[in-house]
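Engineer: please find the sequence and the predicted model below.
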Amino acid sequence: QVQLVESGGGLVQAGGSLRLSCAASGSVGSVNYVGWYRQVPGSSRDLVAGITSGGDTNVANFVKDRFTISRDNAKNTVYLQMNSLKPEDTAVYYCRANIRSIGGNEYTYWGQGTQVTVSS
C-alpha cells in the first residue's frame, strides 16, 4: 500500500511565500517522476512543475521565476517552493507521482490536494 500526502497549503498575503510538500509513504520502492498541478473550480488541472528521479526539472512559464521544485529522495518527498505569490495563484495544488512499490509495479498516484489562497 502506497500513500501520497500533500501539506503546506494555507492563506498568505500577496508577495508572500509557501512551501508545499508531497510525501510518499508505505511500501515505496522508488519514487520516479513527480509533478505538481493546480486547479481552480471550473478549470482544468494544469501542470505547474515536475521533477525526475535524477533531479531534472521543468517549471511552467507562468510561474517560472517564482516557483522552484526540489526533492529529497531519502525522505521520498518533493517540495514546491512558491515565492512572490499572487492572487491568481489561488488554487488547489495536487501532486502526482509515479511510484514503484517494493517488489511491485509502477503506478501513478495522486494526492488529496492542498488549498493555497493568496489574498490581495
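Structural biologist: Yes, it's here.
Engineer: tell me the secondary structure at the residue of the chain most remote from its centre.
Structural biologist: Among the C-alpha atoms of the chain, the one farthest from their average position, using CA atoms, centre = their mean, is that of residue 103, at 25.6 Å. Using DSSP: H, G, I helix; E, B strand; the rest coil as the criterion, the local structure at residue 103 reads coil.
Engineer: repeat that for residue 53.
Structural biologist: Residue 53 carries the three-state label coil when classified by three-state DSSP.
Engineer: which helix or strand contains the most centrally placed residue in the chain?
Structural biologist: When CA atoms, centre = their mean is applied to the chain, the residue found nearest the centroid is residue 36 (3.3 Å). With elements delineated by DSSP states H and E, residue 36 resides in strand 28-39, which encompasses its position.
Engineer: list the contacts for the nearest residue to the residue farthest from the centre of the chain once chain neighbours are set aside?
Structural biologist: Spatial nearest neighbour of residue 103, chain neighbours left out: residue 29 (7.0 Å); criterion: CB to CB, 6 or more residues apart in numbering. From N, CA and C alone the C-beta is placed, and that goes for glycine too. Taking CB atoms under 8 Å, 6 or more residues apart in numbering as the contact definition, residue 29 lies against 99, 100, 101, 102, 103, 104.
Engineer: and the residue farthest from the centre of the chain, how far is that from residue 25?
Structural biologist: From residue 103 over to residue 25 the distance is 17 Å, taken as CB to CB, to the nearest Å.
Engineer: re earlier: now do the strand holding residue 36, average pLDDT.
Structural biologist: Within the predicted structure, the mean pLDDT of strand 28-39 is 96.
Engineer: likewise for stretch 100-110?
Structural biologist: The model assigns stretch 100-110 a mean pLDDT of 93.
Engineer: now the helices for this structure?
Structural biologist: Per DSSP state H, the chain has no helices. Nothing in it meets that criterion.
Engineer: circling back: now for the contacts of residue 29: which two are most distant?
Structural biologist: Put simply, by CB to CB the two of the contacts of residue 29 set farthest apart are 99 and 103, 12.9 Å from each other.
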